[in-house]
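> Build me a model from this:
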Amino acid sequence: MFPLPVLVKSLGKYKIWLKYADKTEGVVDLSSLAGKGVFEIWENGSCFENVFIDPISNAIAWNEELDLCPDNLYLEIKGVSFEFWKKNELADASN
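Residues are numbered from 1 along each chain as shown. Coordinates of the predicted model:
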């Protein structure tokens, strides 16, 4: 099971800083999403700055319609694929 996000902050310019319950933390650059489809909303005023952790889903969110999976962001911070993470998670659980 992935650790839950506990803190998120906008760093501006489509970057966010995240911290997870296992003390993993880091910066994720979301600029590749900016201005595309539902992410056009980030172009409006200070929308990107209003990032938060949804208290129900634990998603990284900007409003009720726009959120990102915290698990994928965790893997990006760790710099590993899901397959790599899962293999190591299973190995740790058996020890």
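> ok, for Glu25, nearest residue in space, not its chain neighbours?
Nearest residue to Glu25, sequence neighbours excluded (CB to CB, 6 or more residues apart in numbering): Lys19, at 4.1 Å. Just so you know, the C-beta spots here come from the backbone N, C-alpha and C atoms, and that holds for glycine as well.
> now that neighbour: how far from Leu7?
From Lys19 over to Leu7 the distance is 4 Å, taken as CB to CB, to the nearest Å.
> circling back to that earlier point, quick one: contacts for the residue nearest to Glu25?
Pro5, Val6, Leu7, Val8, Glu25 (CB atoms under 8 Å, 6 or more residues apart in numbering).
> so where do the helices sit in this structure?
70-78, 82-94 (DSSP state H).
> neighbours of the residue nearest to Asp54 when sequence neighbours are not counted, just the number please.
Closest residue in space to Asp54, ignoring its immediate chain neighbours: Ala61 at 4.5 Å, by CB to CB, 6+ apart. Residues lying near Ala61 (other CB atoms under 10 Å) number 20.
> which ones are touching Ala61?
Contacts of Ala61 by CB under 8 Å, 6+ apart are Val51, Phe52, Ile53, Asp54, Asp67, Leu68.
> So which of the contacts of Lys19 is the closest to Lys86?
Pro5 (19.0 Å; CB to CB).
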